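1. Below is the structure, and that's it, no one-letter string:
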């Protein structure tokens with residue numbers, strides 16, 4: 001999993017090199033307009049790219065480099081290749097890695113669900129409070145109407 005900072009760094013480097021497709025570039029330009037950090041990243045990558053472009057053709061390898069590499073390569077003994085372990089011995093490790101990824105994913109999902117449940121409980125509590133308040137107002141109005149419509153009450157017109 002890449003963090004948002006790592007993703008920003010990857011996109012900034014690709015944007016500075018012109019390696020993003022048009023949709024990604026447009027989306028990243030929207031981020032550039034609002035993020036000074038992204039703008040600094042792109043400026044730094046562009047500066048490095050310009051410096052690399054200036055120095056790319058300036059220095060070449062030494063004239064005797066090929067001969068030195070060949071001499072060193074032929075002077076050292078040849079190492080034998082060690083046979084690799086069969087894939088079956090890696091299977092438990094792969095299963096363990098997959099299990100860990102699943103546990104992390106479920107943990108993240110569980111935390112999100114707990115937060116949603118807490119928000120829903122708060123909303124239900126607020127609705128219950130509203131309902132209780134309205135029921136209390138309704139009961140008070142019913143008492144008023146019962147008092148007005150009581151047969152023992154006489155109506156006097158003025």
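-> Structure's in. What do you need? Bear in mind the structure is a predicted one, so any value in this text is a computation, not a measurement.

2. do you know how far residue 147 is from residue 26?
-> Separation of residue 147 from residue 26 (C-beta to C-beta, to the nearest Å): 69 Å. Yep, even glycine has a C-beta here, placed from its N, CA and C like the rest.

3. tell me the contacts of residue 28?
-> 11, 12, 15, 20, 38 (C-beta atoms under 8 Å, 6 or more residues apart in numbering).

4. That one: which element?
-> helix 22-34 (DSSP states H and E).

5. Tell me the helix or strand right after that helix.
-> Next element after helix 22-34 (DSSP H and E): helix 36-55.

6. helices or strands next to that following helix in the packing?
-> helix 4-17, helix 22-34 (3 or more C-beta pairs under 8 Å, 6 or more residues apart in numbering; DSSP states H and E).

7. So which bits of it are buried?
-> 38, 41, 42, 45 (16 or more other C-beta atoms under 10 Å).

8. re earlier: highest mean neighbour count across the helices and strands packed on helix 36-55, which stretch is it?
-> The highest mean neighbour count among the helices and strands packed on helix 36-55, using mean count of other C-beta atoms under 10 Å, belongs to helix 4-17: a mean of 15.

9. other SSEs contacting it?
-> helix 22-34, helix 36-55.

10. measure residue 98 to residue 3 for me?
-> Distance from residue 98 to residue 3, by C-beta to C-beta: 22 Å.

11. got the angle for the lowest-mean-pLDDT helix or strand in the chain vs helix 36-55?
-> Every helix and strand in the chain was compared by mean pLDDT, DSSP states H and E; the lowest is helix 4-17, with a mean of 79. Put simply, helix 4-17 runs at 40 degrees to helix 36-55, going by axes from the mean of the first three to the mean of the last three C-alpha atoms, to 10 degrees.

12. which residues touch helix 4-17?
-> 2, 20, 24-25, 28, 31-32, 35, 37-38, 41-42, 45-46, 49.

13. So for residue 53, what pLDDT did the model give?
-> On pLDDT, residue 53 comes in at 75.

14. how far does stretch 74-81 sit from the chain's center?
-> In terms of C-alpha atoms, centre = their mean, to the nearest Å, the centre of stretch 74-81 is set 47 Å apart from its chain centre.

15. can you check stretch 8-25 too?
-> The answer for stretch 8-25 is 18 Å, by C-alpha atoms, centre = their mean.

16. Got the phi and psi for residue 122?
-> With angles defined as degrees, to the nearest 10, residue 122 sits at phi -60, psi -40.

17. Give me the distance between it and residue 109.
-> Residue 122 is 21 Å from residue 109, by C-beta to C-beta.

18. That concludes my questions; thank you for your assistance.
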